[in-house]
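[1] sequence isn't available, so here's the structure alone:
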């Protein structure tokens, strides 16, 4: 892999690499990147991997190779303190709707702001990412004052970007990279022009993230934050204006009318499902935003109010863009949830646009992940990123799956639509859970199935003989930390535990998956992609739904064997694996572990391997 990456960097060409778990994928792209002497951008799917690369792997390899390089860690602007927004937040504490309970953490942020050099809010360990203060003290592209800001010379975002432009290697995440690509159209991109190579780890996420940036979005929350910021800027400028107050009142009333026109709870809805009342309220909001922009601009009372006027105009344009979007090129939909109400437009295809961005930049593009192939073919992923002719390389995991793992297909399982499926899935796992004494991930394809699984487990064991952890009862990282520490827990979870989770050792000996992970056919995002395939006379199931489900299953299965000493059983309960012809595609994509339908044999395998793991090494002392 290192040789292939080095060649791609030297030639300035695209490369797609699937590197199985345990291949040393990270070092295999970092070593040639450092030896190349070129300017490299490394993009990851998670902040955790970003920090690992920046703080551990790159310094280690730089020393080991005798090639110290300038490395920069660059995050999105929402991770950096904005001094102007901190001042506004302090003033806003007295405004309606803002809790006084925020005063104490806000004062801690203010004290930290006096000493921090990076401005990275991750330095504040006691400020959770879901804190309502986080968006209050950071900026967005829309509300940034730019050169007109009084703190422009000490801007943490600008300082981070200057450091990135001067570095040899810049570590970013996919959202930031794709935002930089998308915003090039508006003249804001400044990350990519000097790069000789772009390496994208966890690249299987790229097509879905790209769809977010190449579409259009407008949310009620954006408008509410604008109104709150405008009030704070008016207070800061000591300005009172009846016309502005009236415009803000009309905007608030129109937003309330929109929320009332969308009955039902959280979820996604097609545009065709929206009521006439909802759709007819949108032009009223556009008019209210236009009026607010006009009134704020007419005040001529400083940079903050001028920027608020521009934001109102931009929000009006964004709403109009979604409302009038061309239905021949994408799908419009609405999402309601705890974070508010948003209107979205998703393009049917992003491959052409991604290819255009790659071809427009004369540098190497390396896409790598542990899950990019279906069977042994890269065609699905390569087509989704618009690079069907890119060089490819597939490297199997070095782990001995025939020795370390077993795949168990429980016999007699009903169809996944059967009302008692959740209980049958749990019963199929019982002999293995008893043999392992816990040590399991039970992974579900939906929150409803998760609820059924939890109910079935508690019905089977009112007082379980092992600790039980359930997604939603604590933050994801807290659950994983507890799972590792307990050593014999059973964790029940959905999608967020299917990838990016690393548990080594005998704390995890079973990964059980309830159903084949086909995406919900009611999801508007999925509908957009399927409609795009139909419009070019393709087969949506064969071209998209099946390969996406295969890749998702590979991610889930990949949680089990993470090291040479790991062992365990993969339980795949869905009877379609053997009853349907497409089941062969899934089975062909799985690790080469022996397959069995014998629960007793699987339980014996676990018992034997756990006993061997507890046995002291020859000549060694007992624990």
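    Received it, and whenever you're ready, just let me know what you need. Just so we're clear, the structure is a prediction, and the values are computed from it rather than from any experiment.

[2] show me what the spatially closest residue to residue 321 that is not a sequence neighbour is bridged to.
    Counting by C-beta to C-beta, 6 or more residues apart in numbering, residue 216 is the residue found nearest to residue 321 once chain neighbours are left out, at 4.9 Å. (C-beta placed from N, C-alpha, C; glycine too.) Beta-bridge pairing for residue 216 (DSSP bridges): residue 345.

[3] residue 216: neighbour count?
    Applying other C-beta atoms under 10 Å, we find 19 residues neighbouring residue 216.

[4] is it true that it touches residue 345?
    Yes - judged on C-beta atoms under 8 Å, residue 216 makes contact with residue 345 at a distance of 4.2 Å.

[5] mind listing the shared neighbours of those two?
    Common neighbours of residue 216 and residue 345 are listed as 321, 322, 325 (criterion: C-beta atoms under 8 Å, 6 or more residues apart in numbering).

[6] give me the pLDDT value at residue 49.
    With respect to pLDDT, residue 49 scores 84.

[7] show me the strands in the stretch 251-400 of the chain, by range?
    All strands of the stretch 251-400 of the chain, identified by DSSP state E, counting those that start in this stretch, fall at 267-270, 330-337, 340-347, 364-369, 391-395.

[8] adding mean pLDDT, write the ones you listed out as JSON lines.
    Putting these into JSON lines (pLDDT from 0 to 100) gives the following:
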{"stretch": "strand 267-270", "mean pLDDT": "82"}
{"stretch": "strand 330-337", "mean pLDDT": "87"}
{"stretch": "strand 340-347", "mean pLDDT": "89"}
{"stretch": "strand 364-369", "mean pLDDT": "96"}
{"stretch": "strand 391-395", "mean pLDDT": "96"}
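
[9] would you mind finding the most buried of those strands?
    Scoring those by mean neighbour count under mean count of other C-beta atoms under 10 Å gives strand 364-369 as the most buried, with a mean of 26.

[10] gap between the two ends of stretch 294-311?
    11 Å (C-alpha to C-alpha, to the nearest Å).

[11] run through who's touching it.
    84, 88, 142-145, 148-150, 226, 229-230, 233-234, 236-237, 239, 241, 243-244, 247, 292-293, 312.

[12] re the thing from before, which one of the shared contacts of residue 216 and residue 345 is nearest to residue 167?
    Using C-beta to C-beta, residue 321 is the member of those that lies nearest residue 167, at 35.6 Å.

[13] tell me the contacts of that closest one?
    Residue 321 makes contacts with 216, 218, 345, as judged by C-beta under 8 Å, 6+ apart.

[14] helices of the stretch 101-250 of the chain, start to end?
    Shown for the stretch 101-250 of the chain, the helices assigned by DSSP state H, counting those that start in this stretch span residues 103-113, 156-166, 174-183, 206-213, 220-236, 242-260.

[15] could I get the shared contacts of residue 216 and residue 345 as CSV with pLDDT and distance to residue 505?
    What follows is the shared contacts of residue 216 and residue 345, written out as CSV (pLDDT from 0 to 100; distance: C-beta to C-beta, whole Å):
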residue, pLDDT, distance to residue 505
321, 92, 51
322, 93, 49
325, 89, 50
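
[16] please report the distance of residue 528 from residue 212.
    12 Å (C-beta to C-beta, to the nearest Å).

[17] go on, residue 398?
    In terms of C-beta to C-beta, residue 398 sits 35 Å off from residue 212.

[18] settle it for me: which of the two has more neighbours?
    Each of residue 398 and residue 212 has its neighbours counted (other C-beta under 10 Å); residue 212 has more, 16 against 11.

[19] which residues touch the more buried one?
    Contacts of residue 212 (C-beta under 8 Å, 6+ apart): residue 178.

[20] the one 4 residues further on too?
    Counting by C-beta under 8 Å, 6+ apart, residue 216 touches 318, 321, 322, 325, 344, 345.

[21] at 10 Å instead, please
    Residue 216 is in contact with 317-323, 325, 330, 332, 343-347, counting by C-beta atoms under 10 Å, 6 or more residues apart in numbering.

[22] please apply the same query to residue 60.
    So residue 60 contacts 27, 30 (C-beta under 10 Å, 6+ apart).

[23] please parse this structure into its domains.
    With domains defined by automatic domain parsing, the chain comprises 2-70+167-214+350-395, 78-156, 216-347, 401-614.
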